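Participant: My questions are about this predicted structure, shown below with the sequence.
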There are 2 protein chains.
Amino acid sequence: MRRDVFQAIADPTRREIINLVAFNSMNLNAIAENFDISRPAISQHIKILTECGLIVIKKNGRERYCEAKLQQLNEVANWIERYRKLWAERFDSLDELLNTIQNKDKKPGAEK
Amino acid sequence: MRRDVFQAIADPTRREIINLVAFNSMNLNAIAENFDISRPAISQHIKILTECGLIVIKKNGRERYCEAKLQQLNEVANWIERYRKLWAERFDSLDELLNTIQNKDKKPGAEK
DNA sequence: AATTTGCGTAAGTGAATACTTACATATTAT
DNA sequence: ATAATATGTAAGTATTCACTTACGCAAATT
């Protein structure tokens, strides 16, 4: 059973769940109302999302609030970033800015 | 049969194939040499990658050269970008630069 | 105390996925 | 012409996936 972020966001329903809770925590039933599939199906999707760390559950009485923790998306973003200069010429200047900022942030003076 | 970029890059083998051909075109056998699975399996992965536009095939005699066309990764990048400010505080300053650049590029003076 | 609400999970199902081997088809080499 | 090479594709298979219904349990309501 693979369980990684790439896999997690491959499913459209899970991407929508992420979108729903990204800015506001919601409990499971509130999330499920936005979909045509059954509540247990949503529950299973959320389980997958928590297992790869994209969502954390905060218990409040009998309710479970789903809160987005999207740091893991970094893995995907970094993977894509390696190829960005190959497809997005208009970001060329941004790349340089990015490098400047990163170097300033953590390794001043390193790698050009 | 879903066929979208999120789905395509969910598979680790396909991500490696993309990585292989991203900077140099390679024919199918050359790609297959890098994996333990059979050549037809690679062929099927490449079919999926072409179907969602991440790879184009250039015929050269009996060989098929696979060339990366990663513009479609934009779809994934854009999706993630919406949430970036939620998880990458150290990119906050970059966000502003990004906005500045984008506004300068296409809608000068718009949004803020 | 009894009922309702919010949720997790087990078991079952059909479809999709990632592979395999076997075979067909072009192109190149001998 | 024959053989070797590079590839596509069909068919079969085991596993995973996304769902369903049924059930169980704790917290809240009545």
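Facilitator: Right, received. Where do you want to start?
Participant: how far does stretch A:15-34 stretch from start to finish?
Facilitator: Its first and final residues considered, stretch A:15-34 spans 13 Å by CA to CA, to the nearest Å.
Participant: what about the helix or strand where residue A:22 lies and DNA strand C, any contact?
Facilitator: Element membership of residue A:22 [criterion: DSSP states H and E] is helix A:12-23. No: Helix A:12-23 is not in contact with DNA strand C by CB under 7 Å from any atom of the strand; minimum separation 11.4 Å. The C-beta positions use only the backbone N, C-alpha and C, and glycine is treated the same way.
Participant: Show me what counts as buried in that helix.
Facilitator: A:14, A:17-18, A:20-22 (16 or more other CB atoms under 10 Å in any protein chain shown).
Participant: Could you save those residues as a markdown table and add columns showing pLDDT and distance to residue A:61?
Facilitator: Formatted as a markdown table, these follow (pLDDT from 0 to 100; distance: CB to CB, whole Å):
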| residue | pLDDT | distance to residue A:61 |
| --- | --- | --- |
| A:14 | 98 | 26 |
| A:17 | 98 | 22 |
| A:18 | 98 | 24 |
| A:20 | 97 | 21 |
| A:21 | 97 | 18 |
| A:22 | 96 | 24 |
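Participant: Near chain B, list only the ones from these.
Facilitator: A:18, A:22 (CB under 8 Å from any CB of the partner chain).
Participant: can you list contacts of the helix or strand harbouring residue A:80?
Facilitator: Residue A:80 belongs to helix A:73-87 when elements are defined using DSSP H and E. By CB atoms under 8 Å, 6 or more residues apart in numbering or on different chains, the residues outside helix A:73-87 that reach it are A:4-6, A:9, A:54, A:91-92, A:95, B:9, B:15, B:18-19, B:22-23, B:68-71, B:73-74, B:76-77, B:80, B:83-84, B:87-88.
Participant: Smallest distance to chain B belongs to which residue of chain A?
Facilitator: In chain A, the residue that lies nearest chain B is residue A:10 (3.7 Å; CB to the nearest CB).
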